[in-house]
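**Student:** Take a look and give me a structure for this.
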Amino acid sequence: MHDELTAVDIKKMQDEIDYRMCELRPKLLAEVQRTREFGDLSENAEYKEAKREKNKNESRIRYLKNMIATAKVIDVKQNADEVCLFDTVAFYIEEDDEVVERQLVTTLRQDTLKGYLSKESPLGKALLGRKVGDRVLVKVNEKYSYYVEIRAITKGHDDENIPISSF
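**Tutor:** Below you'll find the model as predicted:
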């Protein structure tokens with residue numbers, strides 16, 4: 001499966017790869033070398049931690065490169081009265097009796113604690129293309145679903161300030 005990402009997503013990932021390869025990697029390698037000199041490697045906690053951080057960095061680089069290689073780059077289309085990618089949507093959750101506001105973003109930039117909702121999530125899929133006043137069924141799985149009503153749509157754009165997800 002290919003992730004649908006925007007050109008901004010690709011740029012942000014490439015920027016992170018460049019930082020990790022050109023700035024962070026040399027520092028982590030130097031730390032591995034420095035801690036290696038502490039002696040017996042089987043009891044050297046500093047060396048093990050330095051190796052762990054180096055490997056974590058390499059893993060992130062591989063992940064980002066793979067994401068770029070397999071991504072399907074999409075254009076962000078805006079319709080004046082429909083929920084689109086990067087719009088902020090206020091919706092009423094019937095079973096919780098509350099109004100919630102979330103911005104729809106690509107999966108790479110989701111962070112529900114900061115109000116960023118993935119367009120691939122059950123709620124994101126249910127909201128995309130809908131209009132103010134629509135009552136939408138959000139099907140989480142075979143056993144659980146709930147209704148939301150769209151109260152307001154604030155048009156948005158592909159904001160470079162929305163960070164990509166980290167580890």
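
**Student:** In the protein, what residue spans correspond to helices?
**Tutor:** Ranges of helices in the chain, per DSSP state H, are 7-19, 25-36, 45-70, 122-127.

**Student:** Tell me which residues touch the nearest residue to K77 once chain neighbours are set aside, please.
**Tutor:** Leaving aside its chain neighbours, K77 sits nearest to C84 (6.4 Å; criterion: CB to CB, 6 or more residues apart in numbering). Quick note: C-beta positions are derived from backbone N, CA and C, even for glycine. By CB atoms under 8 Å, 6 or more residues apart in numbering, the contact set of C84 is 76-78, 104, 128-129, 155.

**Student:** In JSON lines, list those residues along with neighbour count.
**Tutor:** Converted to JSON lines, the contacts of C84 look like this (neighbours: other CB atoms under 10 Å):
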{"residue": "V76", "neighbour count": "15"}
{"residue": "K77", "neighbour count": "8"}
{"residue": "Q78", "neighbour count": "12"}
{"residue": "L104", "neighbour count": "24"}
{"residue": "L128", "neighbour count": "17"}
{"residue": "G129", "neighbour count": "12"}
{"residue": "K155", "neighbour count": "13"}
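
**Student:** which intervals of the protein have sub-threshold pLDDT?
**Tutor:** 1, 167 (pLDDT under 70).

**Student:** The longest strand anywhere in it pairs with which strands, parallel or anti?
**Tutor:** Longest strand in the chain by number of residues, with DSSP state E as the criterion: strand 145-154. The sheet places strand 145-154 alongside strand 88-93 (antiparallel), strand 135-139 (antiparallel), with pairing taken from DSSP bridges.
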